[in-house]
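Visitor: Got a predicted structure plus its sequence, pasted below:
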Amino acid sequence: MVGKQSSEKGAKNEIKCFFISKFVLIWLAYLLADAVANYAVGLISNSQRNQSGNPDQQRPQESSDLLAFWAPFLLVHLGGPDTITAFALEDNQLWLRHLLSLGFQAGAVIYVFFQSLPNKNLWIPTVLMFIAGIIKYVERTRALYLASLDQFRDSMLKDPDPGPNYAKLMEEYASKKEAKLPTRINMTPEPDKEAKASDIPTKKGKLNHVEVVHYAYNYFKIFKGLVVDLIFSFRERDESRDFFNWRTAEDALRVLEVELNFMYGTLYTKVEVVHSVVGYIFRFLAFGLVLATLGIFYFQVKKDDFHGVDKGITYTLLLGAIALDVIAFFMLIFSDRTIASIRDPEFPHSWSWPIYSVFSYFLALKKLRWIHCKCEIVKHNVLATPSSFRRWSGSVAAHNLIRYCLKSSSTRIHEFPSSCEIMFSLFGIYAKYVNIKKYLSFKCALLVKIVNKTTSFLRSIKENVSQFFSPAFGLITKPIEETVDEMMYVSREPFTMELWEFIFHELKNKSEFADTPETAKRISSARGDWVLTDTDSQHDRSKLLKYVSDVQYDESLLLWHIATDLCYYTEKDAEKEKANYTHQQFSKILSDYMLYLLVFQPTMMSAVSGIGKIRFRDTCAEAKRFFKERKLRPNQDKQACTHILSVNTDAGPVNVKGDRSKSVFFEASMLAKELKRMGEEGEDKWKLLSRVWVELVSYAASHCRASTHAQQVSKGGELISFVWLLMAHFGLGEQFQIIEGHARAKLIVEK
């Protein structure tokens, strides 16, 4: 097993390197776009100036005109594709800077154009391309403006509501009293003037592909206010909860992933600008201008004096702009926003049925696909939708403290053939692929050793020169160390249907108790104590409460993470049963996932993590010292856990070590021993652990800032964001505060 794990580690690290490189390239292209455009316009302007100022270096007038004609293409491409206007939420806040950049770029292009005005051969196509470029750039700038959080919040605010006219009512009431008339105030509920939260009736049973988009869009329009911390009424909560109570776990997942896709489109793309009447008009106008430019250049402009290379570049620019517009047009037609506007046909064979069917077949490409994956003694359904059609990453990151301290290779619980392996098997060249994979694994294993040695060397230098160069040297080495750690010791666990069903039903069951704001707040604030105080249990769990109630969240997370590992690696094979084994895997996956968020997503966890990073480092330091003293080597996880549990913990670690160190290494050992004792007494410890981990995930999901969830949708999405949105739909949280509307007050004069 160890040999298999180490042989596959190289391939996994190679995949990680590929995706990280892809991410960096996209990021650099996004950042350098404006700078490259400025530089290009400057070169063109400088060339034009040399043309007029230095007769000895003059180029043919036709080439000078072509340079001026090329300048507006920079505006077209700076407008960017429809699928990305912002790389992060912070980019939307810089919409004013992009507006100023638009003015500068437009001014530079106009300046270049006026430099070439004496020759009128290309001035008409140049003006047409300039207008098309301005439209594209304005689209992007407006998309950034609409997605900025202030404007996003303002767009959802309703008209000011002063409430019933209290002053007028009380004046009339006082005048009646002064006239000694027997008067009383009678309150009658005012009819709800607002429409239902969703304009689509709740359907029972399985949803088809188009219905998923319809419901997702309707609930997105309601709950997008979560991003800017708006509050909602209990009427909206009841409608949403009623809808999700009728859904299966898989249908709920389908709706949530489309809903998060709508959030991505609104915050990071041009969808809000393009999907409007004005947006359609300007989009077709820009496309028509580019087509007209191509027609004029091809049929009317005399090109005999142009160099062949210059003509080739010009046609490439024109055809490239047209191709991008055509691609954007088809993406616009088949976008979720367009599909959301299509209604179900009233009857088969109606005029809208073919359109409905085409969209349904298109959405079928993006449907959730599951494959059976054998996991020791059970089979799980693993998400295997092709990456080209996925709406999110479809995996759960994992980081493990004990394996990190041992420098063990990263592993996965569920292993299944990749898309490449399936494709090579179909073509009968799987054996060659395996040989190539083994060769790459060997090379990557050597690379891993070199990287580890380099990292250790950098850390030793940092320690030795810290008293002289610590601040400056730390700025260089810390990002390198963190990147290497993430590449080497973070794995991606495939998402399973069974895990999602477990989370879904846990939250669904809790939502049945959330009838009041106080109860909903208590449930969303539970960090394991709701499960541990479950009155249905026949066992005493009071000794476990101190590990959730008397400690901070980050400390509790580390305690339960290490305790889960200690129970996981020391579980006897004879004790493994199908039911327990499934909950064991749930606990392990969620445990490693939450540690990953704590260590590698500090921005996302900052609202709940406290001093989590300090506590993690102190715990790692104590663990490394313990493993070094016992001469434990990489991949000896089981032996390491056995050694940890063998340490006598009758005296509390704090009483012996003091509280200067924030390590929770041996406190976690005490928790693990208590869990194992309860298991021996008949308690289903793995079901208990998995339920506690769902609460720990739920607490982090509901208490993280909503903007951090919005940031994650642009990076592939996280499981915790799905949990956050599902909790909101079930009414678990503090965002539902409007209990009832106005009441109509009447003055009744009694006889």
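Guide: Noted; the coordinates are in hand.

Visitor: What are the boundaries of the strands in the protein?
Guide: 183-189, 232-233, 370-375, 378-383, 395-399, 490-494, 736-738, 743-749 (DSSP state E).

Visitor: could the ones you listed be laid out in CSV, adding distance to Leu74, mean pLDDT and mean neighbour count?
Guide: Yep, even glycine has a C-beta here, placed from its N, CA and C like the rest. Formatted as CSV, those follow (distance: least, Cβ to Cβ, whole Å; pLDDT from 0 to 100; neighbours: other Cβ atoms under 10 Å):
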stretch, distance to Leu74, mean pLDDT, mean neighbour count
strand 183-189, 61, 72, 11
strand 232-233, 45, 84, 18
strand 370-375, 46, 84, 15
strand 378-383, 42, 88, 19
strand 395-399, 38, 93, 22
strand 490-494, 39, 90, 21
strand 736-738, 49, 69, 15
strand 743-749, 61, 70, 12
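
Visitor: now for those, which one comes closest to His505?
Guide: strand 378-383 (15.5 Å; Cβ to Cβ).

Visitor: packing partners for the closest one?
Guide: With contacts defined as 3 or more Cβ pairs under 8 Å, 6 or more residues apart in numbering; DSSP states H and E, the packing partners of strand 378-383 are strand 370-375, helix 497-511, helix 578-600.

Visitor: Between strand 490-494 and it, find me the angle.
Guide: With axes from the mean of the first three to the mean of the last three Cα atoms, to 10 degrees as the basis, strand 378-383 and strand 490-494 are set at 100 degrees to each other.

Visitor: neighbouring contacts of strand 378-383?
Guide: By Cβ atoms under 8 Å, 6 or more residues apart in numbering, the residues outside strand 378-383 that reach it are 368-373, 394-395, 414, 416, 494-498, 578, 581-582, 585.

Visitor: and if you look at stretch 665-672?
Guide: 544, 547, 558-563, 566-567, 619, 622-623, 626, 644-645, 647, 649, 652-654.

Visitor: can you tell me which of the residues you listed are in helices?
Guide: With helices taken from DSSP state H, the overlap with the contacts of stretch 665-672 comprises 544, 547, 558-563, 566-567, 619, 622-623, 626, 644-645, 653-654.

Visitor: Just the buried ones from those residues?
Guide: Neighbour counting by 16 or more other Cβ atoms under 10 Å classes 544, 547, 558-563, 566-567, 619, 622-623, 626, 644-645, 653 among the ones in helices among the contacts of stretch 665-672 as buried.

Visitor: mind showing which ranges of the stretch 651-751 of the chain have poor pLDDT?
Guide: Applying pLDDT under 70 to the stretch 651-751 of the chain flags the ranges 658, 737-745, 751.

Visitor: could you pull out the helices for it?
Guide: When secondary structure is read from DSSP state H, counting those that start in this stretch, the stretch 651-751 of the chain shows helices at 653-657, 665-680, 685-703, 706-712, 719-729.

Visitor: among those, which is nearest Ile222?
Guide: Of all those, helix 719-729 sits nearest to Ile222, with 9.6 Å by Cβ to Cβ.

Visitor: got the angle for the closest one vs strand 395-399?
Guide: Using the same axes, to 10 degrees: helix 719-729 against strand 395-399 is 120 degrees.

Visitor: For helix 719-729, which helices and strands make contact with it?
Guide: Under the contact criterion of 3+ Cβ pairs under 8 Å, 6+ apart, helix 719-729 touches helix 209-223, helix 234-245, helix 249-268, helix 497-511, helix 685-703, helix 706-712.

Visitor: With distance to Glu481 and mean neighbour count added, can I get these in CSV?
Guide: Shown next, in CSV, are the helices and strands packed on helix 719-729 (distance: least, Cβ to Cβ, whole Å; neighbours: other Cβ atoms under 10 Å):
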stretch, distance to Glu481, mean neighbour count
helix 209-223, 39, 21
helix 234-245, 43, 19
helix 249-268, 30, 23
helix 497-511, 31, 19
helix 685-703, 25, 24
helix 706-712, 23, 21
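
Visitor: Would you reformat those helices as a markdown table and include distance to Arg337?
Guide: What follows is the helices and strands packed on helix 719-729, written out as a markdown table (distance: least, Cβ to Cβ, whole Å):
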| stretch | distance to Arg337 |
| --- | --- |
| helix 209-223 | 7 |
| helix 234-245 | 20 |
| helix 249-268 | 7 |
| helix 497-511 | 26 |
| helix 685-703 | 26 |
| helix 706-712 | 18 |
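
Visitor: Show me which positions of stretch 308-323 end up buried.
Guide: For stretch 308-323, by 16+ other Cβ under 10 Å, it's Asp310, Thr314, Leu317, Leu318, Ala321.

Visitor: Identify the residues contacting the fourth one.
Guide: By Cβ under 8 Å, 6+ apart, the contact list for Leu318 reads Val290, Thr293, Leu294, Phe297.

Visitor: where does the stretch 151-300 of the chain have low pLDDT?
Guide: Using pLDDT under 70, the flagged stretches of the stretch 151-300 of the chain are 188-200.

Visitor: same thing with the stretch 351-500 of the chain?
Guide: The model of the stretch 351-500 of the chain has pLDDT under 70 over residues 351, 416-479.

Visitor: mind checking how far Thr619 is from Met487?
Guide: Separation of Thr619 from Met487 (Cβ to Cβ, to the nearest Å) stands at 22 Å.

Visitor: try Phe284
Guide: Using Cβ to Cβ, we find Phe284 at a distance of 46 Å from Met487.

Visitor: more crowded one of these two?
Guide: Here Phe284 and Met487 are compared on neighbour count by other Cβ atoms under 10 Å; more neighbours surround Met487, at 16 against 12.

Visitor: those helices in the stretch 1-150 of the chain, which residues are they?
Guide: With DSSP H, counting those that start in this stretch applied, the stretch 1-150 of the chain shows helices at 2-53, 61-78, 89-93, 95-115, 123-147, 149-154, listed in chain order.

Visitor: Can I get these in a markdown table including distance to Leu226 and mean neighbour count?
Guide: Shown next, in a markdown table, are the helices of the stretch 1-150 of the chain (distance: least, Cβ to Cβ, whole Å; neighbours: other Cβ under 10 Å):
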| stretch | distance to Leu226 | mean neighbour count |
| --- | --- | --- |
| helix 2-53 | 27 | 14 |
| helix 61-78 | 32 | 22 |
| helix 89-93 | 14 | 18 |
| helix 95-115 | 22 | 17 |
| helix 123-147 | 15 | 21 |
| helix 149-154 | 11 | 14 |
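
Visitor: and those helices, which one is worst for confidence?
Guide: Of all these, mean pLDDT reaches its minimum on helix 2-53 (a mean of 61).

Visitor: wait, doesn't Glu415 sit right on Ser491?
Guide: No: counting by Cβ atoms under 8 Å, Glu415 sits too far from Ser491 to count as a contact (11.1 Å).
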